[in-house]
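*Asks:* Here is a sequence with its predicted model. Questions after.
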Amino acid sequence: MKIIYYGNPVLRETSKEVTEVTDEIRKILDEMVETMREESGVGLAANQVGLTQRFFVCEVEGNVKKIINPEIIKFSEEEIEMEEGCLSIPRIYKRVKRPEKISVKYMNEKGETVEEELDGIWARVYQHELDHLNGVLFIDKLSPLNKRLISKRLAQIKKEGN
Ligand code: NI
């Protein structure tokens, strides 16, 4: 699958709920895991490969999650700063502040509803990927100064694609 880069309007779209987990979606999820690994990413949202549907894949320490129709039910009050990057915005890494822990609800690839508590990298990736499905990128959360510091690089990605 081909990664879509910053500047493509599909990254700003709000993706649509999945009504049924079909074999077609399971196949797409597998392909997305492959693409994420090829690109050495920890997460990949459907609209990053051009599909405006609400699902993403992520992998932390060899454990893969395939997340469909993700929700966040509860955020911790404590926030932490962690460095983030994005396969659609190559070679930009910046610290972003987000809630440390979250309670989430989603559908797995079998169509079962899953509820769990996430923290650490899982909580971070889940929030970053869910943002993608709402057309939000991590660079939107940077300070005006940091945005200015990366503006040249962003213009370059927009022009050249990577
Ligand atoms: Ni991303």
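*Replies:* Great, that's in hand.
*Asks:* Now the residue most central in space within the chain. Nearest residue, chain neighbours left out?
*Replies:* For the chain, the residue nearest the mean C-alpha position is Glu129 (2.0 Å; C-alpha atoms, centre = their mean). Leaving aside its sequence neighbours, Glu129 sits nearest to Phe56 (C-beta to C-beta, 6 or more residues apart in numbering; 3.9 Å). Placement of C-beta: from N, CA and C, glycine included.
*Asks:* show me what contacts that neighbour?
*Replies:* 32, 43-46, 67, 70, 129-130, 132-133 (C-beta atoms under 8 Å, 6 or more residues apart in numbering).
*Asks:* can you do 6 Å?
*Replies:* The contact partners of Phe56, by C-beta atoms under 6 Å, 6 or more residues apart in numbering, come to 45, 67, 129.
*Asks:* And the nearest residue to Ile157 once chain neighbours are set aside, how close does it get to Ile28?
*Replies:* Counting by C-beta to C-beta, 6+ apart, Tyr6 is the residue found nearest to Ile157 once chain neighbours are left out, at 4.7 Å. According to C-beta to C-beta, to the nearest Å, Tyr6 stands 22 Å off from Ile28.
*Asks:* Please write out the alpha-carbon positions of the one helix or strand in the chain whose mean pLDDT sits lowest in CSV.
*Replies:* When the helices and strands of the chain are scored by mean pLDDT, DSSP states H and E, helix 144-160 comes last with a mean of 94. Extracted in CSV, the C-alpha atoms of helix 144-160 (Å, rounded to 0.1, in the frame of the first residue of the first chain):
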residue,chain,number,x,y,z
PRO,A,144,3.3,28.4,17.3
LEU,A,145,7.0,28.5,17.7
ASN,A,146,7.5,24.8,17.0
LYS,A,147,5.1,25.0,14.0
ARG,A,148,7.3,27.8,12.6
LEU,A,149,10.4,25.7,13.1
ILE,A,150,9.0,22.9,10.9
SER,A,151,7.2,25.0,8.3
LYS,A,152,9.9,24.7,5.7
ARG,A,153,10.1,21.0,6.0
LEU,A,154,6.2,20.7,5.8
ALA,A,155,6.2,22.8,2.6
GLN,A,156,8.9,20.4,1.3
ILE,A,157,6.8,17.3,2.1
LYS,A,158,3.7,19.0,0.5
LYS,A,159,5.7,19.6,-2.7
GLU,A,160,7.7,16.4,-3.0
